[in-house]
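K.L.:
this one's structure only:
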């Protein structure tokens, strides 16, 4: 089965856009301007993983959080940075980010165009834990991440 | 952790190229000109999936085969087609192909440049079964796939 890519709206035939979070969080609660497309995993595919495409609008950011499951992220649109643990990585087309278990992470759009990436996760996974005030203070004290976290 | 993408050789820092098949098959035994990069899964990452980048050189093709595990495939370089069951899909940048369980499939480069795609699979998966002579004859009799299979 083919999900044809549509350049005009950066979307795929047969793949609906979904909200960023499915567990009740709302825009402004730690994230801004994020949409999500579930490319594999929304239709009962017999797989142990889900493939999602996330898009972050200019000025937007995903939620700063951690969880046991890992992320395998590949950029396919725009530019931004990823906070992963105590490091900040500038990323653009086809750069890959691995987020290990229980590692604080956030994706921030730094450009004037949408910033989009595939993010692959285990189908069965734990619920993300938002960063605490202590986490944010720690990032601010760390030279590499000062001023980078968005809340 | 960042695996920086290298435009010059279409590869990623810290990701080694591997052979296409790991179970003893050799070039000419049903496939041609295929390389593989394991982006997630070669380093003990605690995940139920593997993310691989496959690249097929001009004139090349992956092996026509089937298996119980599914494929989630997204093109990021060049052009080609995918045989999936009884259909042929022309595919290019960011088109997505879903290969259901036990569905015969093959990826063929139709361009003059390399044809590359991400292919995500379960970490624990069954061994692929190559197409039989009967399979190939059936594809030849099917109008949509006549002349498309490469062996």
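P.N.:
It's in. None of the values given here were measured: they were computed from a predicted structure.
K.L.:
next up, the contacts around residue A:80.
P.N.:
A:56, A:90, A:91, A:107, A:108, A:109, A:110, A:111, A:115 (C-beta atoms under 8 Å, 6 or more residues apart in numbering or on different chains). Glycine gets a C-beta too; all of them are placed from N, C-alpha and C.
K.L.:
where's the fourth one, which helix or strand?
P.N.:
Using DSSP states H and E, the secondary-structure element containing residue A:107 is strand A:105-109.
K.L.:
which helices and strands does that strand pack with?
P.N.:
strand A:49-61, strand A:65-66, strand A:80-84, strand A:115-122 (3 or more C-beta pairs under 8 Å, 6 or more residues apart in numbering or on different chains; DSSP states H and E).
K.L.:
please redo it, this time with the cut-off set to 6 Å
P.N.:
Helices and strands touching strand A:105-109, by 3 or more C-beta pairs under 6 Å, 6 or more residues apart in numbering or on different chains; DSSP states H and E, are strand A:49-61, strand A:80-84.
K.L.:
what mean pLDDT does the last one get?
P.N.:
Here the mean pLDDT over strand A:80-84 is 98, rounded to a whole number.
K.L.:
for it, buried residues please.
P.N.:
A:80, A:81, A:82, A:83, A:84 (16 or more other C-beta atoms under 10 Å in any protein chain shown).
K.L.:
again with the first one
P.N.:
By neighbour count with 16+ other C-beta under 10 Å, strand A:49-61 contains the buried residues A:49, A:50, A:51, A:52, A:53, A:54, A:55, A:56, A:57, A:60, A:61.
K.L.:
now do the residue nearest to the second one when sequence neighbours are not counted: how many residues are near it, please.
P.N.:
Taking C-beta to C-beta, 6 or more residues apart in numbering or on different chains, and ignoring the residues beside it in sequence, residue A:50 has residue A:41 as its nearest neighbour in space, at 3.2 Å. For residue A:41, the number of neighbouring residues by other C-beta atoms under 10 Å in any protein chain shown comes to 17.
K.L.:
measure stretch A:10-17 end to end?
P.N.:
11 Å (C-alpha to C-alpha, to the nearest Å).
K.L.:
neighbours of residue A:133, how many?
P.N.:
So residue A:133, with other C-beta under 10 Å, has 8 neighbours.
K.L.:
please list the residues of chain A that sit near chain B.
P.N.:
Selection of chain A residues close to chain B by C-beta under 6 Å from any C-beta of the partner chain yields A:1-5, A:12, A:39-40, A:45, A:47-49, A:51, A:70, A:72, A:89, A:94-98, A:120, A:122.
K.L.:
mind giving me the PyMOL select for those residues, buried ones only?
P.N.:
The buried residues among the residues of chain A next to chain B can be selected in PyMOL (16+ other C-beta under 10 Å) with this line:
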select buried, chain A and resi 2+3+4+5+12+39+40+45+47+48+49+51+70+72+89+94+95+96+97+98+120+122
